[in-house]
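**Q** Attaching a predicted model along with its sequence, questions to come.
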There are 2 protein chains.
Amino acid sequence: MAGLSVSTVSRVINNHKYVSEDKREAILKAMKELNYQPSTAARQLRGQSSQIIGIIVPRITNPFFSYLVDEIQRIAYQNDFQIMIFQSNEDKAKEASFLELLVKKQIDGIIMCAIENDQDFVESFTRYGPIILCNESFESSSIPTIILDQMNGAYMGIKYLLDKGCRKIAYCTGGLFDENGKDKSRNSGFHKAITEYGLKVNPEWIFVDQHTIDDGKQIARKISEMGEHRPDAVFTGSDEVAAGLIVEAKRLGIAIPEELSVMGFDDQPLAELTTPAITTVKQPIQELGRETVNLMLSILQSSRYEPDREKLKMTLVIRESA
Amino acid sequence: MAGLSVSTVSRVINNHKYVSEDKREAILKAMKELNYQPSTAARQLRGQSSQIIGIIVPRITNPFFSYLVDEIQRIAYQNDFQIMIFQSNEDKAKEASFLELLVKKQIDGIIMCAIENDQDFVESFTRYGPIILCNESFESSSIPTIILDQMNGAYMGIKYLLDKGCRKIAYCTGGLFDENGKDKSRNSGFHKAITEYGLKVNPEWIFVDQHTIDDGKQIARKISEMGEHRPDAVFTGSDEVAAGLIVEAKRLGIAIPEELSVMGFDDQPLAELTTPAITTVKQPIQELGRETVNLMLSILQSSRYEPDREKLKMTLVIRESA
DNA sequence: GTGAAAGCGCTAACAC
DNA sequence: GTGTTAGCGCTTTCAC
């Protein structure tokens, strides 16, 4: 339409030098009139990138992840990248099918905020594009990893309960409390703190695979039935579990924090809504998202970026439940 | 590698008939060994679809939308579609840039759960691919629309407050309470209910542009300062606003529901966590997501699908705050 | 400065 | 049943 060749048009689109000003303008004008948009498919095929970053999360309905994704997307958008969100739903096969999209070149890189498959399997995909672990990690892996100090987070929370005078501390985990499984860093923070106080783990007070408000309610019921052997505090590892626990404990007539201190984790919006409001360990979600996506962008643009680990500190938010 | 031509390979990938069993197996074997994955870019370029559906939401951190997206993605995944989530952040230009992806053929269709630009502009994109409005609508548009009966939802909520004996009902809206703007259906449900009781709108008790927990707290403070002219009930239009309102009202010594009834909207998980727990209007989010994505899938696969409007009814969830 | 032409990986029409 | 080939829209040499 501008009476020029495709190559000149391409040069204009890609901001090449050596295009005379008048022709550039003629082309831009024609593009506007035709409402022309270059086909991403063709550009991809030609060896360019898709300008899409994939993010794997367990579930987007978990506020921790929706806020994380929110921040990642905000920054990606500023850098002309789209985000594709995948929910692994703790399903190995589903996660694998997302990693395959890297092979298909549908996405340029993957940020994994959840890991279902084992290390070797995941690492085998790194040759198709960058993979970054976000708030998850493998034992000594070459995969770039941005991680919060979960061990210290748990340690801080437990230490606070101990300093307050609690000695019978129950502990909830989203994992299975095994040596090398999920949440192992938090587990060791827990161990470290109680060991410092010369205490031992009471297996009756360990609750595994805890995630939801309903899980929290269940715990309240179990604790209520323990009679003499009740703990005097619960580290829940999740504001949602803490919230459910508080609501149900109140219904059962357990006074919080007098009879039972409850410590959350994350500092989600709901933490200030319960009565009593939840004392919790705040994770710096925005900073986590920012460092992760900046690292990804730098890899994709083959520049350097040194994550600022200083910003990734957990903090204690003291409210009423402990 | 299998010693066969590309076309035969293509036929195997696309499950064509007329491929002998032995060659098919040879090809599948080679594909496995090479860890081969067809390039989506090339397939797209060849005129196929991208197998991606875009969803525009205001913010993914709003639980209403994260649950909606969760359901849509679940069903899309079952049908071999990926989801690309866009956050418009109530930004016209951002929304426009997402609609352009339809032109670039990066996505096959768009589900709009938020509308920032005007009708003509949005409709101009329908020639590039299907657009469906989800829980939003234009006045008499040809764009397929799946919508909940917001008018009835608001009516139910207000009616309940009136039946309980409240006569001084404050009303919050996420929009601006104008005739044709956002949330106009809810506004008319409100009008309908109070008119039936022979009441009038008190402009002092109308709160516009209310969305967050903090907004709710502000309302509590304003109401507290009204002295004699306090309302005896608030229809918040959002569980988050209701939650903030309840927390702050309690701090200010306003008894809920005795002095002030509070009605939420959505039935989000947090609705049962506050004290008192929130009485609210439940939106059938899963059904909404399901009908919407099924309609989209049917359009993309050029089959027919008749949305089941029966399932899209709002219900009242009575707890303690009203 | 600009244009012609090759080729990215795939599918489908056509030939055999 | 299988192979050959054109062409999707773009970028990038290579000529001029």
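**A** Perfect, I can see it now.

**Q** switch to C-alpha atoms for all contacts and neighbour counts from now on
**A** Will do.

**Q** got the residues of chain A near chain B?
**A** A:37-42, A:44-45, A:59-61, A:63, A:66-67, A:70, A:83-86, A:100, A:103-106, A:243-244, A:247, A:270, A:273-275 (Cα under 8 Å from any Cα of the partner chain).

**Q** Which residue ranges make up each domain of chain A?
**A** As recorded under automatic domain parsing, the domains making up chain A are A:6-38, A:52-148+A:285-312, A:150-282.

**Q** Is it possible to get a markdown table of those that adds mean neighbour count and mean pLDDT?
**A** Below are the domains of chain A laid out as a markdown table (neighbours: other Cα atoms under 10 Å in any protein chain shown; pLDDT from 0 to 100):
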| stretch | mean neighbour count | mean pLDDT |
| --- | --- | --- |
| domain A:6-38 | 13 | 86 |
| domain A:52-148+A:285-312 | 18 | 92 |
| domain A:150-282 | 20 | 96 |
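
**Q** how about those, which one is nearest residue B:214?
**A** For the domains of chain A, the distance to residue B:214 is smallest for domain A:150-282, at 10.3 Å, taking Cα to Cα.

**Q** can you tell me how far whichever residue of the stretch 101-250 of chain A sits closest to chain B sits from residue B:39?
**A** Among the residues of the stretch 101-250 of chain A, residue A:104 lies closest to chain B, at 4.7 Å counting by Cα to the nearest Cα. Remark: distance between residue A:104 and residue B:39 (Cα to Cα, to the nearest Å) = 5 Å.

**Q** Same question for residue A:292.
**A** Separation of residue A:292 from residue B:39 (Cα to Cα) stands at 27 Å.

**Q** Quick one: the helices in the stretch 1-150 of chain A, in order.
**A** Along the stretch 1-150 of chain A, counting by DSSP state H, counting those that start in this stretch, helices occupy A:6-13, A:21-34, A:40-45, A:63-78, A:92-103, A:119-123, A:150-163.

**Q** In TSV: those helices, plus distance to residue A:141.
**A** Output for the helices of the stretch 1-150 of chain A, formatted as TSV (distance: least, Cα to Cα, whole Å):
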stretch	distance to residue A:141
helix A:6-13	40
helix A:21-34	48
helix A:40-45	30
helix A:63-78	23
helix A:92-103	17
helix A:119-123	8
helix A:150-163	18
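
**Q** Out of the ones you listed, the one nearest residue B:146 is which?
**A** Of the helices of the stretch 1-150 of chain A, the one closest to residue B:146 (Cα to Cα) turns out to be helix A:63-78, at 24.5 Å.

**Q** export the closest one as CSV, just CAs?
**A** Output in CSV follows, covering the C-alpha atoms of helix A:63-78 (Å, rounded to 0.1, in the frame of the first residue of the first chain):
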residue,chain,number,x,y,z
PRO,A,63,-3.9,-15.4,47.4
PHE,A,64,-0.1,-15.9,47.9
PHE,A,65,0.1,-16.9,44.2
SER,A,66,-2.4,-14.4,42.8
TYR,A,67,-0.4,-11.6,44.4
LEU,A,68,2.8,-13.0,43.1
VAL,A,69,1.4,-13.4,39.6
ASP,A,70,0.0,-9.9,39.8
GLU,A,71,3.4,-8.4,40.5
ILE,A,72,5.2,-10.6,37.9
GLN,A,73,2.7,-9.7,35.2
ARG,A,74,2.9,-6.0,36.0
ILE,A,75,6.6,-6.0,35.4
ALA,A,76,6.5,-8.3,32.4
TYR,A,77,3.9,-6.1,30.8
GLN,A,78,6.2,-3.1,31.1
